[in-house]
Structure formats: structure tokens, C-alpha cells
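Engineer: Quick one: sequence and predicted model below, then my questions.
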Amino acid sequence: MISKYNFLTIVVLAGLVSCTKNDNKSDAYGNFEAVQVTVSAESAGSIHYLNVEEGMDIDSGTVVALVDTTDLYLKILQLRSQKKAVSVKSSSVLSQIGVQQQQKANLMVEKNRVSKLVAEKAATQKQLDDINGAIDLVDKQVASIQTQNAGIAEEMEVIDRQIAQVNESIHKCYIRNPVRGTVLSKYAEAGEITSPGRALYKIADLSVMELKVYVSGTQLPHVKIGQQVEVLIDADSKTNSRLSGVISWISPKAEFTPKIIQTKEERVNLVYGIKIKVPNDGSLKIAMPAEVNFEEKK
């Protein structure tokens with residue numbers, strides 16, 4: 001049986017422990033986040049290779065996968081043959097223009113000769129008119145041929161645009177890693193058939209993690225962007241590891257407290273979201289819980 005003295009002692013000690021816990025209570029609680037990028041295929045076909053594995057670190061711009069380009073390559077060859085055929089047609093038209101221009105030059109010489117004869121009454125005006133008519137006809141023929149050549153030039157431009165389009169499609173077959181980071185998940189394997197929009201893998205930059213916490217309106221005046229804060233993570237079941245972080249974002253508007261992190265009584269309160277950037281030495285993981293002190297506690 002517990003004596004009255006022992007009972008009072010237990011109550012006092014419990015009160016002291018409770019006060020100590022309240023004094024050591026952190027200012028805010030939250031979980032670590034990272035910007036996760038899902039890399040998807042942009043073309044359809046068989047995956048020749050996919051050089052990513054979960055946990056692998058990859059630099060931005062690295063080619064990590066290739067989707068089959070055989071059909072596109074054959075299309076390029078076909079378009080190049082068409083362009084060559086059109087180019088031959090253009091050369092033929094240009095040669096016709098050269099012939100007509102030479103014919104016009106000959107007629108101009110003849111016109112000058114006949115004009116002198118007409119002046120000397122040695123030739124008739126009809127002869128000169130016939131030459132002028134022939135020159136006009138040559139000009140019209142040259143204009144007609146130039147119109148044909150313009151159509152051929154437009155046809156060449158269309159083929160060039162088609163070639164550029166196919167080259168862009170080939171470029172999209174080479175999957176380039178968009179951001180430097182660590183592969184979180186892999187969704188495909190070499191040899192599988194993919195399609196535009198199909199996810200291949202997920203990656204995130206884990207070198208600097210973001211801790212998102214929520215503060216009350218009364219705490220808001222004591223935080224500001226760029227402020228250095230103390231971050232606590234679990235070292236073991238009884239102790240914490242201390243890290244340093246910097247406030248990078250403060251929500252401009254209030255919201256209700258998220259259900260997952262507070263008691264039922266506190267859920268009805270309005271709070272402000274805050275993001276804290278914390279350098280990652282490898283110990284921080286996505287969704288890991290953490291605590292924050294805006295002023296270091298002794």
C-alpha cells in the first residue's frame with residue numbers, strides 16, 4: 001500500500017517531469033519534402049536501353065534511355081530522296097530559264113540590227129514588230145518558268161520542315177535526365193514497349209531537403225525568410241540530432257491545421273505553412289518527421 005507521503009512525492013515528481021517536457025517542447029513539427037520529377041517517354045517504340053537504377057545519382061542532361069528510332073531514320077532517308085528529286089526538277093527549270101534568256105539575248109541583237117535597217121529604209125516596220133513580239137513572248141515564257149520554280153522552292157521548304165520535324169522526333173527518342181538528383185523509383189525496363197507520356201522513372205534532388213512545418217499566428221511575427229533555425233531529427237528512441245536550416249518560404253495566407261500533425265483541438269486553428277531548407281548529409285529522407293526551434297534551446 002502506498003503511504004500518503006509517498007503518494008504526494010509521486011505527484012510532485014510527475015508535475016516536475018511534465019513541466020520539464022513542456023519547457024523542452026519544440027516550436028513546430030513537420031516532415032521533409034523534396035521536389036520529385038517524373039521523367040516520361042516522349043515517343044512510342046521499344047526501349048533499347050534504360051540506364052537508371054533506384055538510388056543512382058544522375059547529372060542533369062545525361063542521356064539515360066533510348067527509344068527505337070528505326071522508323072524515323074527510314075523516314076529521313078525517304079525525305080532526303082524526295083528532296084533530291086525536287087532538286088533535280090529545280091535544276092531542269094533553271095536550265096530552261098537559261099535557254100530562254102539566251103534566246104532573248106539573240107533577239108535583242110537582231111532587234112538592234114533591224115532597227116538600224118528600218119532607220120535606213122532597208123527593212124520594214126513589220127519585221128521590227130515581229131522581233132518585239134518574239135521578245136515579249138520570251139519574257140512571258142521566262143515568267144511562267146519562274147513561277148514553276150517558285151512552286152518547286154516551296155516544295156523544297158516543305159520537305160526541309162518535314163526533315164526538321166523527324167529530326168526533332170529522333171531527338172525526343174533520347175531521354176535526357178532533366179535534373180541532377182537521386183533516382184527514387186524505376187517504372188520500366190529495356191525491351192519494353194513505351195508510349196508518349198509513360199513514366200520511366202522518378203528523380204529528386206536530395207542534396208538539400210525542405211522541411212515543411214506550420215506555425216500559429218502568434219508565432220508568425222518571430223519568423224522571417226532567411227532566418228536560421230534549429231532542426232531536430234531522431235537519433236535514437238531517446239535523443240535527437242541537431243541540424244541547421246534556413247527559412248526559405250512563408251505562406252502568405254492562413255489555412256486550417258493539417259489533420260495529420262496536430263491534436264483534434266488544434267485542428268480548428270488557423271496556421272501558416274513554412275518551408276525550411278536543410279542541407280542533407282545523407283541522413284534525411286522524404287517524409288521523415290522533424291522538429292524546429294526558431295531559437296536554440298539550452
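Structural biologist: Perfect, I can see it now.
Engineer: which regions of this protein sit below the pLDDT cut-off?
Structural biologist: Regions of the chain meeting the criterion pLDDT under 70 cover residues 1-24, 92-95, 257-268, 296-298.
Engineer: Identify the residue nearest the geometric centre of it.
Structural biologist: Nearest to the geometric centre of the chain sits P178, at 6.7 Å (Cα atoms, centre = their mean).
Engineer: Which secondary structure state does that residue sit in?
Structural biologist: coil (DSSP: H, G, I helix; E, B strand; the rest coil).
Engineer: Chain neighbours aside, what residue packs nearest to it?
Structural biologist: Distances taken as Cβ to Cβ, 6 or more residues apart in numbering put V37 closest to P178, at 6.0 Å, once the chain neighbours are dropped. The way it works is simple: take the backbone N, C-alpha and C, and place the C-beta from them, glycine included.
Engineer: From A204, how far out is that neighbour?
Structural biologist: Distance from V37 to A204, counting by Cβ to Cβ, to the nearest Å: 7 Å.
Engineer: shared neighbours of the two, anything?
Structural biologist: Here V37 and A204 have 179, 181 as joint contacts, going by Cβ atoms under 8 Å, 6 or more residues apart in numbering.
Engineer: Next, D160: secondary structure please.
Structural biologist: helix.
Engineer: so what's it up against?
Structural biologist: K83.
Engineer: do that again at 10 Å, thanks
Structural biologist: 79, 83 (Cβ atoms under 10 Å, 6 or more residues apart in numbering).
Engineer: same check, this time on the one 5 residues further on
Structural biologist: Applying Cβ under 10 Å, 6+ apart, one finds that Q165 lies in contact with 72, 75, 79.
Engineer: burial of the last one, as a residue count?
Structural biologist: Neighbours of L79 under the rule other Cβ atoms under 10 Å: 20.
Engineer: in the host helix or strand of the residue nearest to P178, what counts as buried?
Structural biologist: Element membership of V37 [criterion: DSSP states H and E] is strand 36-40. The neighbour-count check on strand 36-40 (16 or more other Cβ atoms under 10 Å) flags 37, 39-40 as buried.
Engineer: cool, stretch 227-237 as well?
Structural biologist: Quick answer for stretch 227-237 (16+ other Cβ under 10 Å): 227, 229-233.
Engineer: so how far is it off the chain centroid?
Structural biologist: Here the centre of stretch 227-237 is set off from its chain's centre by 34 Å, with Cα atoms, centre = their mean, to the nearest Å.
Engineer: Could you do stretch 142-161 as well?
Structural biologist: Distance, centroid of stretch 142-161 to centroid of chain: 37 Å (Cα atoms, centre = their mean).
Engineer: Identify each buried residue in it, please.
Structural biologist: Neighbour-count burial for stretch 142-161 [16+ other Cβ under 10 Å]: 142, 145, 149, 152, 155-156, 159.
Engineer: Next, please give the residue ranges for the helices of this structure.
Structural biologist: 4-23, 70-119, 125-173 (DSSP state H).
Engineer: Summarise which helices and strands the second one is packed against.
Structural biologist: Under the contact criterion of 3 or more Cβ pairs under 10 Å, 6 or more residues apart in numbering; DSSP states H and E, helix 70-119 touches strand 45-50, helix 125-173.
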